[in-house]
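K.L.:
Need a 3D model of the sequence below.
(chains A, B, C and D)
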Number of protein chains: 2
Amino acid sequence: MRTRLKDVAAQLNLSPALVSGVLNNRPHIWASEDTRARILEAARALNYHPSAAAQALSKGKTDTVAFVYRRLSGAAYRLAYSGLVDALSAELQAAGYDLVVTNFATQEEVLDHLRKLGNSHGCDAVVLWGREEDTEEQGTLLESMNIPFLVKGRHELAHPAWHQIDFDHEWMVQRSIEHLASLGHQRLAYLGFCHDEGFVHALRRGFLNGHQAVLGTEPEPDLIGEFEDEISPNAETICRWLQMPAGQRPTAFVIGAGNKAWQALEASLAKIGAKLSDQVGGYAASGITSSPFSLIFGNAHVYQGIEIDNLARYVTPGLIHSLDQGSEHETIQRFRPSLEAANTLDMLNHGVLLSAKPGETP
Amino acid sequence: MRTRLKDVAAQLNLSPALVSGVLNNRPHIWASEDTRARILEAARALNYHPSAAAQALSKGKTDTVAFVYRRLSGAAYRLAYSGLVDALSAELQAAGYDLVVTNFATQEEVLDHLRKLGNSHGCDAVVLWGREEDTEEQGTLLESMNIPFLVKGRHELAHPAWHQIDFDHEWMVQRSIEHLASLGHQRLAYLGFCHDEGFVHALRRGFLNGHQAVLGTEPEPDLIGEFEDEISPNAETICRWLQMPAGQRPTAFVIGAGNKAWQALEASLAKIGAKLSDQVGGYAASGITSSPFSLIFGNAHVYQGIEIDNLARYVTPGLIHSLDQGSEHETIQRFRPSLEAANTLDMLNHGVLLSAKPGETP
DNA sequence: CTGAAAGCGCTTACAG
DNA sequence: CTGAAAGCGCTTACAG
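P.N.:
Predicted coordinates:
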């Protein structure tokens, strides 16, 4: 039989109530230092651990946080979540909470499950992760059931009071532009996604505003490309850009898209015998990547996707706050990762040669 | 106030006991079809969901599975776990269990937590994931506490009775050899890891046995290389191999290592103007990869790392069995993924040229 | 077939 | 300062 509260109480000839009070460090409980010590010692010796179920039932608090999301297909999404559960559960563990992970194929199932969580008091709070399209509705449901929650994403416009966290995409892109400008680049092109999602718009907004703020001009509309995460469409557009006359041709690229955009960029540059470079005078690029990322030929300063861990680490304090009380804690948090030199395979130093001489037009 | 069992009982003028029995589909409970229907309907209408805490307390079963592991640093390990929690929690959810995820920095913390789980009856079963070095001790502890568990890894020798799951590494490597042999290759080199871990040894064993089984000869000891997951050491060895006289030079490569070994291979081949090919007569390779994987220049048939999801999906039935009773279920499960054409960036069709003519010695 | 009662293990007012 | 008691919400023998 496992050790019960009454077992340790009996062994010390104390009442369970007192033992419970001391073990939980409840205020207004009197016990001599000696008694406290004996209680702690006995609990340890008997390997006593309170039953989570019993505590949850009597306290009306489960000490549990539910991580609920809709499964998204595709390796890209999976990788975007990678490390998230790792960091989240570790942080919550340290704060005394268990992380329960549940995911479903459809939004309907997610909503049903949230409804169930609400009605069975299955957790103290919920973490929502996914596309705004989904989390919007999920958050609204939780709000109506009065369950604390934190959502990953950009709901600042529609729901400024929601506890929400995300990267500071606008800031990140502006930093990339500053970096490229510092290398002497004036004509920047933008490669982004074409999806109708919060972060996609934020990245684009970052490019438009950053261009104005850093270079003092509007970006050229022709130099903005937005595609799915595939090589061909990106490459086609880049090649077209590279064939523009010298005065109009972009010399640097801001990437607000996935690794395929980077690959398209390197392949397109290879066609004219060029590679990405961190040096003044070359072709340069900067922006986001997904993990793991590696350039094939050149160099660049980028945001390495692994930062998602840091994002997750940012989550917990806000979550705990929202649990404790209606404490005043910043509801909207935006994380700013740092620009770093990208990994590179540096294939040009491994016997690979480009077909055209640098500078030559294809 | 949330809906309680007695609320739905009261609304129907029935006893909670009856309602509970019907809702849980307990045998030996008599209720007319009509009554059953009314109970189900009322529960639905009132949005009744039983309190998990109360059920756990009275039934002595938590309907919860704990996923416990030691955090390993490095993107490689993170990616290896990617998708795992996804699949695991989805499968368990479907079987009526919640997945609680906990991870710790050190083995000591993991063991402490397992001890706590055991003594507080915090879960019905545990899933262990990680290196055998760690899981060996963890499993032994759980065994001593009589908690059902399932472990990822190769414990077949020391603990044949443990419920355990892993890839069938030996089989996988042998399939790779068969594939290469079918392309006409006779001289195979092996690139593996150098770590002292179960799967590393299994892969190597697979190469040795498979070589014998498929080609009828012992592999050349000189053609076996084992390194950390880095480009340089792999590349150095491969370049040395490629400089061997035609009759001794390997024409195909079995990879039992990470993506860096593949990159080293492609870079080394590039130096002699060659690329990996699926065609008879070229240089070929086959083996494991980590996700996401993409060749840069050539083609090959490989095991795409995404298969870890399938592994996770395999886990659940065994786990449920071990929970239900001491049912006779195969304890050792080995998963056999299928060899697939690898993604390739196909850079040679994007304006990239190799420095040496094919066939030319560097 | 039905319903009152005890019990799961803990917490928390509430009298002594 | 201490201890007996009720209660959290459900399940499960156990008498009617």
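
K.L.:
Show the model's pLDDT score for the residue in the stretch 201-350 of chain A that chain B sits nearest to.
P.N.:
Closest to chain B within the stretch 201-350 of chain A is A:K271: 3.3 Å, counting by CB to the nearest CB. In short, each C-beta sits where N, CA and C put it, glycine included. The per-residue pLDDT reported for A:K271 equals 85.

K.L.:
I figured it hits B:H350, correct?
P.N.:
Yes - between A:K271 and B:H350 a contact is recorded at 6.6 Å, counting by CB atoms under 8 Å.

K.L.:
distance of the closest residue in space to A:G60 that isn't next to it in sequence from B:R2?
P.N.:
In this structure, A:G60 finds its nearest non-sequential neighbour in A:H121, 7.1 Å apart by CB to CB, 6 or more residues apart in numbering or on different chains. A:H121 sits 6 Å away from B:R2, taking CB to CB, to the nearest Å as the criterion.

K.L.:
now A:L46
P.N.:
35 Å.

K.L.:
which residues sit against the helix ranked longest in chain A?
P.N.:
Among the elements of chain A assigned as helix by DSSP state H, the one spanning the most residues is helix A:308-324. Counting by CB atoms under 8 Å, 6 or more residues apart in numbering or on different chains, helix A:308-324 makes contact with A:65, A:80-84, A:86-88, A:91-92, A:95, A:124-125, A:127, A:148-150, A:152, A:163, A:165-167, A:291, A:327, A:329-331, A:333, A:335, A:337, all of which sit outside it.

K.L.:
And the helix or strand following that helix, what does it pack against?
P.N.:
Note on helix A:308-324: by DSSP states H and E, the next helix or strand toward the C-terminus is strand A:332-335. Other helices and strands packing on strand A:332-335, by 3 or more CB pairs under 8 Å, 6 or more residues apart in numbering or on different chains; DSSP states H and E, are strand A:163-167, helix A:308-324.

K.L.:
mind listing what the shortest one pairs with, with the direction of each?
P.N.:
Translated: strand A:163-167. Applying DSSP bridges to the sheet, strand A:163-167 is found paired with strand A:149-152 (parallel), strand A:332-335 (parallel).

K.L.:
got those as CSV, with distance to DNA strand C columns?
P.N.:
Output for the strands paired with strand A:163-167, formatted as CSV (distance: least, CB to the nearest atom of the strand, whole Å):
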stretch, distance to DNA strand C
strand A:149-152, 23
strand A:332-335, 31
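
K.L.:
winner for burial among those strands?
P.N.:
strand A:149-152 (a mean of 25; mean count of other CB atoms under 10 Å in any protein chain shown).

K.L.:
What count of nearby residues applies to the closest residue to A:G184 other than its chain neighbours?
P.N.:
Spatially, and ignoring its direct neighbours in sequence, A:G184 is nearest to A:V280 (4.9 Å; CB to CB, 6+ apart). The local packing count at A:V280 equals 10, with neighbours defined by other CB atoms under 10 Å in any protein chain shown.

K.L.:
do the same with A:H155
P.N.:
Burial of A:H155, expressed as a neighbour count using other CB under 10 Å, amounts to 23.

K.L.:
Would you check that it makes contact with A:G139?
P.N.:
Yes - counting by CB under 8 Å, A:H155 touches A:G139, with 6.9 Å between them.
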